[in-house]
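Participant: got a predicted structure here, sequence first:
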Amino acid sequence: MLRDLLPPAFRDRYDAHRSVKRVVDGVPVWFLNERPDIDNTQLEARLGEALALIGRHMPHNLRRLRRDVMCIWVKRWPNRGVFFHDTRIMVIDTTFVVNPTFTLAQVAATILHEGVHARVTAMRVNRRYTNMADEERLCRRAEIVFGELAPGGAPVVARAREILGMSDDEVAPGIDLAVAEARLRELRKTEGGSGPRAS
């Protein structure tokens, strides 16, 4: 794939150019669907439903999200989601969004979780002097509040409570972007993703 031949610094720009850009519930959302088996309409609808669920049960979090993130980028990622505080971009995995084994509340909780990271960034907290495990626990506590309010939230609450009981290293494992990029290349090979799909 062409993007794999580009220097790492240019790959995100290349992907951003190929992404479909929307505003969903007041939040800028970029969609980069490289999977031929995932329907764009379904992907966009489910992401919109997840944001609406946050808006119904924790509207203050949705209001903050609109201010705190540059965009939500829905694209292939090796786990459910991540927030990059240097760019203020939240990435949510396409396959996670449309996977029917996950409830809408689980998708929304991931957005909410990454939104808490975005809130911490917006508050200009200097991460050199903070414990990332404490920040992760803050995110998990927000998930519990949301999961107790939203329909289908029981798995959210169970997972968050389990993670809260783990050690700092288990709660906040580091992200190695080189490993993530290598994993994405492998996923593209096995899944046959070669480019964005037309709507």
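Facilitator: Structure received.
Participant: check what pLDDT the residue located most distally from the centre of the chain gets.
Facilitator: The C-alpha centroid of the chain is most remote from residue 5, which lies 25.4 Å away (Cα atoms, centre = their mean). We have a pLDDT of 71 for residue 5.
Participant: surely residue 72 forms part of a strand?
Facilitator: Yes - under DSSP: H, G, I helix; E, B strand; the rest coil, residue 72 falls within a strand.
Participant: quick check: pLDDT value at it.
Facilitator: Per-residue pLDDT puts residue 72 at 98.
Participant: ok, residue 102 next?
Facilitator: At residue 102, pLDDT is 97.
Participant: quick one: residues contacting it.
Facilitator: Counting by Cβ atoms under 8 Å, 6 or more residues apart in numbering, residue 102 touches residue 96. No exception for glycine: its C-beta is placed from N, CA and C like everyone else's.
Participant: quick check: phi and psi on it?
Facilitator: Main-chain torsions, residue 102, degrees, to the nearest 10: phi -100, psi 140.
Participant: what about this protein, any weak spots by pLDDT?
Facilitator: Applying pLDDT under 70 to the chain flags residues 1-4, 8, 127, 129, 175-180, 182, 184-185, 188, 192-199.
Participant: now do the helices in it.
Facilitator: For the chain, applying DSSP state H gives helices covering 2-5, 8-18, 40-57, 59-68, 94-98, 104-122, 132-149, 154-164, 168-171, 177-191.
Participant: nearest to residue 81, out of the ones you listed?
Facilitator: helix 104-122 (4.6 Å; Cβ to Cβ).
Participant: give me the angle between the closest one and helix 59-68.
Facilitator: Computed with axes from the mean of the first three to the mean of the last three Cα atoms, to 10 degrees, the direction of helix 104-122 lies at 50 degrees from that of helix 59-68.
Participant: quick one, helix 104-122 and helix 154-164 angle?
Facilitator: 50 degrees.
Participant: make 37 the first number, not 1, from now on.
Facilitator: In the new count, where the first residue is 37, that last one comes out as helix 140-158.
Participant: buried residues of helix 140-158, list them for me.
Facilitator: Buried residues in helix 140-158, defined by neighbour count with 16 or more other Cβ atoms under 10 Å: 140-157.
Participant: not counting it itself, show me its contacts.
Facilitator: Contacts for helix 140-158 (Cβ under 8 Å, 6+ apart): 82-83, 85-87, 89-90, 94, 97, 100-101, 103-105, 108, 116-119, 121, 124, 126, 128, 132-133, 171, 174-176, 178-179, 182-183, 186-189, 191-192, 196.
Participant: next: stretch 116-124.
Facilitator: 104-106, 125-129, 132, 146-147, 149-151, 153-154, 156-157, 163, 211.
Participant: cool, stretch 77-97 as well?
Facilitator: 58, 60-61, 63, 65, 67, 69, 98, 101, 108, 110, 128, 130, 133-134, 140-141, 143-144, 147-148, 151, 178, 181-182, 185-186, 235.
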